[in-house]
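>>> What would the 3D arrangement of this be:
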Amino acid sequence: MDIVDAQLHVSRGRIQPTLEAMDALGIRSVLIDELWGNGQFGGSTYLEPGYALPNGGWRVAWPTAEQASILHPDRFSYLVRIDRRDPQLVELMRVVGSSPHARAFRVLPVWTLEEAAAFAAGAYEQLFAEAECIGLPVCVFIPGFVELLPPYLERFPELTFIVDHCGMGFPNIPPHRPQQEQQKACEPDYFDEVLRIAAWPNAALKWSHAQHLFRAGHYPYAPLRPILRCAIQAFGVERIMWASDKTVILDQRWSDMLFCLRDDPELSRDEKEWILGRSARTILRWPAPGGEKRKA
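Numbers count the residues shown, from 1 in each chain. Just a heads-up that it's a prediction; the model follows:
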């Protein structure tokens, strides 16, 4: 089976160990979102590697992701996080779009309440218009705010929006969100709001962090099966891609996050192939190594 992990934060010195773990687990390819952590500037907006801009924005760098993709083009590609405040936003996005290894952009528009309000007011239109023109999808980490997406889904029908981490709320993102709103976004019932955006054909779902978000306990995470089935019924398997995000989920094994899907008795082989690889290959326009054909 052609397995693609659609999000992993590979950092300095971790290319070879990551390859060894991928080989052990049978993971063919990984989409890198390079992340070293929070640096000297502090604050959740400034995720290194990168550097601060004079206007308070942040421009990321992706040296490890580029190196990994050059050395092992069949195994690695990457996405690039974009700050809408970058004064050279269009130029930067076009540079990213020109790389043969870049597969998507990523935005984090609800790190603060102020930025969430800006997102709701349409502040990301220029960024999304450029992404639509370039032809790369955008991963949107918008935990507990998916109801803000439909205007953009309508405005940019040729742009694929990949909703990160099941769209569910995360504790303290953004800080100081009213407690009642935060609690509602973290409750399992909020997933109904996520399922509603499946009505737009340019919306896709990144199935990741589900074990924590839906409080599924221990491997094999059987309580997730009916939730995933609801997602399949809403989005279809061709719009759901698996991602482990293992590098920030330290209390679970990479193997468990993969095998709970690969060995799920309630998923057909075709559904497993789509969720674990074909959806990512299709949406990210990432050909399988050697043009691998599906097995009968």
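
>>> and the closest residue to Phe170 other than its chain neighbours, how far is that from Leu127?
In space, and not counting its chain neighbours, Phe170 is closest to Pro143: 4.2 Å by Cβ to Cβ, 6 or more residues apart in numbering. (C-beta placed from N, C-alpha, C; glycine too.) Noted for Pro143: a distance of 19 Å to Leu127, by Cβ to Cβ, to the nearest Å.

>>> Looking at those two, which is more packed in?
For Pro143 versus Leu127, neighbours defined as other Cβ atoms under 10 Å are more numerous around Pro143 (25 against 21).

>>> Tell me, please, the helix or strand in this structure that averages the lowest pLDDT.
Lowest by mean pLDDT, DSSP states H and E among the helices and strands of the chain is strand 37-38, with a mean of 72.

>>> In a strand, Gln7, correct?
Yes: secondary structure of Gln7 (DSSP: H, G, I helix; E, B strand; the rest coil): part of a strand.

>>> burial of it, as a residue count?
Counted with other Cβ under 10 Å, Gln7 comes out at 28.

>>> go on, the one 10 residues further on?
The local packing count at Pro17 equals 10, with neighbours defined by other Cβ under 10 Å.

>>> Let me know the helix or strand that it is in.
helix 15-25 (DSSP states H and E).

>>> Determine the set of other helices and strands touching that helix.
The contact analysis (3 or more Cβ pairs under 8 Å, 6 or more residues apart in numbering; DSSP states H and E) places helix 15-25 against helix 63-71, helix 254-262.

>>> want to try CSV for those helices, with mean neighbour count as columns?
Shown next, in CSV, are the helices and strands packed on helix 15-25 (neighbours: other Cβ atoms under 10 Å):
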stretch, mean neighbour count
helix 63-71, 18
helix 254-262, 19
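
>>> can I get these in a markdown table with distance to Ala234 and mean pLDDT?
Output for the helices and strands packed on helix 15-25, formatted as a markdown table (distance: least, Cβ to Cβ, whole Å; pLDDT from 0 to 100):
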| stretch | distance to Ala234 | mean pLDDT |
| --- | --- | --- |
| helix 63-71 | 32 | 97 |
| helix 254-262 | 17 | 97 |
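
>>> so which of these comes closest to Ala288?
Among the helices and strands packed on helix 15-25, the nearest to Ala288 by Cβ to Cβ is helix 63-71 (15.5 Å).

>>> which outside residues touch the closest one?
Under the contact criterion Cβ atoms under 8 Å, 6 or more residues apart in numbering, helix 63-71 has outside partners 10-12, 14-15, 18, 32-34, 49, 75-78, 99, 101.

>>> Quick check on those residues: which are buried?
Buried subset of the contacts of helix 63-71 (neighbour count, 16 or more other Cβ atoms under 10 Å): 10-11, 14-15, 18, 32-34, 49, 75-78, 99, 101.

>>> Show me which residues of stretch 187-204 are buried.
Buried-residue list, stretch 187-204, by 16+ other Cβ under 10 Å: 190-191, 193-195, 197-198, 202-204.
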